[in-house]
Each structure stands twice: as C-alpha cells, then as structure tokens.
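**Q** give me a model of this one.
(4 chains)
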2 protein chains.
Amino acid sequence: MQVSSLPKTPLRVVGAAPASKFEVKCSGCNLRELCLPKGLDEADLRRVECVVYTRRRVKRGEALFDAGDEFHSVYAIRSGFFKTTTIDDEGREQVTGFNMPGELLGLDGIGSGAYHANAVALEDSEVCVLPYALVESLGREMPALQRHLFSVLSREIVRDHGVMMLLGSMRAEERLATFLLNLSRRFSRRGYSPTDFHLRMTREEIGDYLGLKLETVSRLFSRFEAEGMLEVEQKHVRIVDVDALEALLRTRN
Amino acid sequence: MQVSSLPKTPLRVVGAAPASKFEVKCSGCNLRELCLPKGLDEADLRRVECVVYTRRRVKRGEALFDAGDEFHSVYAIRSGFFKTTTIDDEGREQVTGFNMPGELLGLDGIGSGAYHANAVALEDSEVCVLPYALVESLGREMPALQRHLFSVLSREIVRDHGVMMLLGSMRAEERLATFLLNLSRRFSRRGYSPTDFHLRMTREEIGDYLGLKLETVSRLFSRFEAEGMLEVEQKHVRIVDVDALEALLRTRN
DNA sequence: CGGGGATTTGACACATATCAAGAGCGGTGG
DNA sequence: CCACCGCTCTTGATATGTGTCAAATCCCCG
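**A** Take a look at the predicted model:
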C-alpha cells in the first residue's frame, strides 16, 4: 500500500543554520501564499522578513505556549502539526483545532495579552515567530498586511462557527465525516494526497475535538471501513469513497 | 414580582431625528466603553463620529444582514437584541450567538467579503453602521482604534472557543447553567439586574444555541425551578441561587 | 525487546431526542 | 371587550445514540 503523507519536516530549508538560528526567507517559502497577503513586492517581503527574524522548533509533545502565558507573538507553522486545546476550571478539555503548515497560532492572545489555549506539537515541528508588536506596527505601514491579518482573524471566527455547527447540530458519524473531509481538503491544498494521509492525533484527541468519546471515534472508523468508505490502518487513513462520505452529510435524518 | 429588564429602547437619544437620520454622538453614548477603546480624546472621538454617520433600525424578526450578503459594514448594537445563525447546505441551523448593546455584528464578513451568518433582531433594535473601509483606514491613523479592533476579533475567537467547550464537553444542564450565568454577567455589565431578566429568545433558539432540543431546554428550566435555583415565568427568569448554578458546573461527574 | 499507551470490541447504562398531546399566552379582529 | 387562532411552552411515554465500563490485542517508543 502506498501512502503519501506529510514527511516529518518537509519544508525545512536545506542547509539551514543550527536549531537556535535559522535563515528566514519568506520570499523563498512555499507557504508564503498561506500566511502572507498576495501581491507583496520584493521590498515588502524584505520588511516582513525583518519581523520574522526567528524560528522555533517544538518537539512532539511539547507546548509552543500554554494557556495563561503572556502573549507576545503569533506563530506561523512552517512544518509539523499542532493541536490547540482549552481546559476550563473544572478540567474539561476541549480540542479547539488541529493546525498544519501555513496556519497561524496564538491569535487568541491578542485580545487579553495572554494566550487562552495551549498549543501542543503533535509531531516535531517548526514555527516562524512573529512578535506581535512588530506585526501590528508594520501593518499600519503596509495596508495589505493589515488587511490580511484582519482577514485571517475573521476567517478564524467563521471556522469556529463551522465547528459550533458541527458540535451543536451533527450526529457522530456526520462529525467524523466532516472532520475527515476537512483534513482532506487542507492536505490537498498543501500538495499532499487528499485521499491518503496520516492522522497525527490519537482517537482520543479526535474525540476531544468532535465532542465524542474515543470509543465512539474508534467504532466509527471501523464502521466507515466496513461500509467501504475508508481504509484504516492505525493512523493511516485512505478515503476510498469520497462521495459516500459527502452523502453522509446530506442525509438529513 | 418586580422584574427589571432591558426597556425596549433604553438608550435612544431623547429627541433624536426621525428614523432615517439620527444624531450620532459617540462622545455621549454610554456604550462607548464597550465598542471603543479607552482613552480617546475629543479630537479622536470626532473622527470616529465621522465614520459612524448612520444608524439603522431593525424591527423584531427582521434581518440586519443575511449569510451571503455582500460585506460592507460592521454594526455596533445600540439598543435591542440579536441572534446570529448559520445554516449549512443541509439546512441544519446553528445559533452562533446572542448579541446585546455594545457588541459588534458582522465581523465574520471581513475575511471573505460576504457575511457568513444571518443576524436577526429578537426585538426592535437600533445599530450604528460602521462602513468597514472607513474603519480600516481610520485604524491606520489611530493605533488605539486598530488595536481595539484586533482585540475585539481576538476576543470573539476566545468566546467561540468557550462555546466549543460548552458544546463539546458539557452536559445539558451544564450548558444551560453556563448560558444563564453568561447572560447574567453581560446584563450586569450593562447596568441591569444580574439575577432578574427577560429572555428575548424562544426555547427553541436557546436549544439551537446550546445544541439541545427545545423540549430538553424546557425540562431543564422546570427542573432548575423545582430545585430552587430559578424562578421561571415564561421568558422572565430570576436566578434565585447563583451559587447552586455555579456549583452545577463544578460537579465533574 | 519489553512495556505502556493506543486501539478495538462487546455488553450495558443513561442522557437526550423523538413523538405526541394539551395548556398557556399574546395578538388580532369582530 | 371578548373570542379565536397560532405559536410557544410544558409534560409524558418511549426510542435511540452515545457514553461507560471492561477486557483483549496491538504496536510504537524507548
């Protein structure tokens, strides 16, 4: 079985400097279109690169930041995979999102000066550090950048509303189907197979995201496989019948 | 029984011009601290007032905007009460929020140029219209305003994560308790009784927000009343025992 | 190569949904 | 001012989806 999934660190710059210091070249980054506005010229890019002057590596299982940490930077994922979670006073844990290269982390900290979520790497990862004070002031000088930031925040709100829809109005199988189709689309956009990928999170983490128990998630995987929609082998998933998955969502019971 | 609830239009400027044209004076608005950054001087306020040059009235049941409408403005609620909802392709309806004076509507449209949600007035309401292009450019000249907007967007994300927590990890009674305590706090902040208020939404709308069926919501109200935590009379709610409500949330089963 | 976490699966419990009926309330028009 | 109508709400009986508990297997990581 041929499985194409994200390599551990597919986007690392070859010959980059040692861990504590990296060459940062947004201009040559193939994720540029995901974390920067379109149509920046060379001069703009150089100014952005002055803001993005460090990278940071986060090992699998480590936190990029924790809820309550003082907010100072937003992070652009360069390689790897993250989950963000919030834990309330009573210990309930909710996974608020899974994040892949080109996406931003830490936006939840802007409003209060402290991060509200934990961001944990699900595999060895690398992020670009964007000191927020610099981003903000650069935004004032570069309208396109400012507009882009507002846009990213707004789209995050729209995404969250989608998750609210999922959690509030969908049945378990619809939630998992939505989740898989969403992953598929995002992998696809990044040049990876939309039908064949590696889940970086556990069944429990999927459950904590979808509002389900891990046993339910496991059963659903088994059922989807039995019904010929998926091939599941541990964390490798192959979507065999996209149409059937999508049809699941259309079935208004 | 004495019930203090929001009057129909508590904040209307006495002697305001007719519906199509209002005096707009942010400087005299007692909601200023809710929708504007602190510490603006007189000159700044006048500039803001140039942007907020119209108001709009929305009757109970009418939509301020619908999903798919072209995005051009953000709205600050001056009086009244709104719900925002999203409907997916299959007709599932999710209430994404209830909004009261001082809160902003339409932020979800910034990212894509079209609103993603419907905003419907739950009682006769009035909003300040903030043309987004003007807000954006004024933000570049007034850092405090720009920072405030980012802050509002970020806090909306945090709020949404709270709702995800509610929908994904709480049981029905915890959801309703959380909802009531949240309303209580927001009424309180606006100078109204935190224990005694009028629900402007139906049981069904509460259910569509909390991911529950209207019957479940109704039963919960009855039970909370039977247990001496609430007094419920139609849409009037009186919180008799806040501690008990909060204790409900602490009960990790 | 060993061990502990992750996954699967089964049996059963329970919270919430569904279906149904009736009551209450508010608005409208005669 | 009263009666009617429609919508909202309440409550009961029952169904069902998902959670809980438990045990066995798997397999990945150190």
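**Q** does the residue sitting nearest the centre point of chain A have beta-bridge partners, and which?
**A** Centroid check for chain A by Cα atoms, centre = their mean gives A:N99 as the closest residue, at 1.2 Å. Per DSSP bridges, the residues bridged to A:N99 are A:F82.
**Q** which residues does it contact?
**A** For A:N99, the set of contacting residues under the criterion of Cβ atoms under 8 Å, 6 or more residues apart in numbering or on different chains consists of A:I77, A:F81, A:F82, A:K83, A:T84, A:L105, A:A119. From N, CA and C alone the C-beta is placed, and that goes for glycine too.
**Q** how close does the second one sit to chain B?
**A** Here the distance between A:F81 and chain B works out to 19 Å (Cβ to the nearest Cβ, to the nearest Å).
**Q** show me the contacts for that residue.
**A** Contact partners of A:F81, counting by Cβ under 8 Å, 6+ apart, are A:L6, A:F98, A:N99, A:M100, A:A121, A:L122, A:E123, A:S125, A:R200, A:M201.
**Q** quick one: which of the residues you listed has the most company?
**A** Neighbour tally across the contacts of A:F81 (other Cβ atoms under 10 Å in any protein chain shown): the maximum, 28 neighbours, falls on A:S125.
**Q** for that residue, helix, strand, or coil?
**A** Three states are possible here, and by DSSP: H, G, I helix; E, B strand; the rest coil the one that applies to A:S125 is strand.
**Q** quick one on the thing from earlier: and which of the contacts of A:N99 is nearest DNA strand C?
**A** Distances from DNA strand C to the contacts of A:N99, taken as Cβ to the nearest atom of the strand, are shortest for A:K83 (12.3 Å).
**Q** low-confidence ranges, chain A, go.
**A** Screening chain A residue by residue with the criterion pLDDT under 70, one finds the ranges A:1-23, A:252-253.
**Q** could you pull out the helices for it?
**A** Residue ranges of the helices in chain A, as given by DSSP state H, are A:32-35, A:42-51, A:132-141, A:143-169, A:172-189, A:203-210, A:214-226, A:242-250.
**Q** still on that earlier bit, tell me the one of the contacts of A:F81 nearest DNA strand C?
**A** DNA strand C has its nearest neighbour among the contacts of A:F81 in A:M201, at 7.6 Å by Cβ to the nearest atom of the strand.
**Q** for the closest one, give me phi and psi.
**A** phi -110, psi 160 (degrees, to the nearest 10).
**Q** please name the nearest non-neighbouring residue to it.
**A** Spatially, and ignoring its direct neighbours in sequence, A:M201 is nearest to A:L122 (5.6 Å; Cβ to Cβ, 6 or more residues apart in numbering or on different chains).
**Q** enumerate every residue touching the one you found.
**A** A:L122 touches A:R60, A:G80, A:F81, A:F82, A:K83, A:F98, A:R200, A:M201, A:E205, counting by Cβ under 8 Å, 6+ apart.
**Q** check A:V24 too.
**A** A:V24 is in contact with A:E49, A:V52, A:Y53, A:T54, A:R55, A:C128, counting by Cβ under 8 Å, 6+ apart.
**Q** would you confirm that A:R47 contacts A:L138?
**A** Yes - counting by Cβ atoms under 8 Å, A:R47 does reach A:L138; the two are 6.4 Å apart.
**Q** between those two, who's got more neighbours?
**A** In terms of neighbours (other Cβ under 10 Å), A:L138 is the more surrounded of A:R47 and A:L138; the figures are 18 against 15.
**Q** got the contact list for the more buried one?
**A** Residues in contact with A:L138, defined by Cβ under 8 Å, 6+ apart, are A:R47, A:V48, A:V51, A:L145.
**Q** quick one: the strands in the stretch 1-150 of chain A?
**A** Assigned by DSSP state E, counting those that start in this stretch, the strands in the stretch 1-150 of chain A fall at A:54-58, A:63-65, A:73-87, A:93-99, A:104-105, A:118-131.
**Q** ok, back up a step: any chance of the contacts of A:L122 in JSON lines, with distance to B:S184 too?
**A** Supplementary listing: the contacts of A:L122 in JSON lines, determined by distance: Cβ to Cβ, whole Å:
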{"residue": "A:R60", "distance to B:S184": "42"}
{"residue": "A:G80", "distance to B:S184": "42"}
{"residue": "A:F81", "distance to B:S184": "40"}
{"residue": "A:F82", "distance to B:S184": "35"}
{"residue": "A:K83", "distance to B:S184": "32"}
{"residue": "A:F98", "distance to B:S184": "34"}
{"residue": "A:R200", "distance to B:S184": "40"}
{"residue": "A:M201", "distance to B:S184": "36"}
{"residue": "A:E205", "distance to B:S184": "33"}
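**Q** who does A:A121 form a beta bridge with?
**A** Here A:A121 sits in beta bridges with A:F82, going by DSSP bridges.
**Q** tell me who's in contact with it.
**A** Under the criterion of Cβ under 8 Å, 6+ apart, the neighbours of A:A121 are A:V58, A:K59, A:R60, A:G61, A:E62, A:A63, A:L64, A:G80, A:F81, A:F82.
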